[in-house]
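Undergrad: Predicted model follows, preceded by the sequence.
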Amino acid sequence: MNNHPIVFYDGVCGLCDRSVQFMIKHDHKRIFRYATLQSDIAKQTLGNQITFDSFVLYENGKAFYQSTAALKVLKKLGGIWRLGYVFMIVPAFIRNAVYNFIALNRYKWFGKFDRCKIPTPEQRDLFLA
């Protein structure tokens with residue numbers, strides 16, 4: 001694989017796409033690589049642990065899910081965004097209850113694409129096939 005943490009996301013979700021675009025914009029050191037949960041690399045990496053309502057950070061052979069993944073990403077983005085990591089003090093069952101409520105409504109609130117979006121030519125090297 002590669003030495004970069006990989007963010008796996010639902011490729012047809014409007015909220016997920018906006019989140020990835022946010023990460024790309026604020027990841028000045030180009031730490032992350034991205035792949036959809038629908039991709040072959042997700043199947044190879046995560047196997048039967050794939051759920052399309054999840055956000056996954058895969059780093060150093062370990063997968064982090066839902067709010068834990070999101071907070072770890074914020075920490076790695078650095079700058080002001082790393083302050084979001086303070087929410088790790090909130091128990092995971094509470095954080096994930098909020099996460100699951102948003103995940104359940106994400107298509108209704110943020111839309112759904114017919115298929116995964118294609119990265120721009122400038123972003124192509126950040127995405128794994």
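TA: Okay, I see it. Numbering: from 1, shown residues only.
Undergrad: confidence score at the residue nearest to R33 when sequence neighbours are not counted?
TA: Counting by C-beta to C-beta, 6 or more residues apart in numbering, R33 lies nearest to H4, which is 4.5 Å off, once chain neighbours are set aside. All C-beta spots, glycine's among them, are computed from the backbone N, C-alpha and C. On pLDDT, H4 comes in at 94.
Undergrad: how many neighbours does H4 have?
TA: By other C-beta atoms under 10 Å, 15 other residues sit near H4.
Undergrad: quick one, phi/psi of it?
TA: Here is the backbone geometry of H4 (degrees, to the nearest 10): phi -90, psi 140.
Undergrad: how much space between it and S19?
TA: 17 Å (C-beta to C-beta, to the nearest Å).
Undergrad: Same check on I94?
TA: I94 is 21 Å from S19, by C-beta to C-beta.
Undergrad: more neighbours, these two?
TA: Legend: neighbour count by other C-beta under 10 Å for I94 and S19, higher for S19 (18 against 11).
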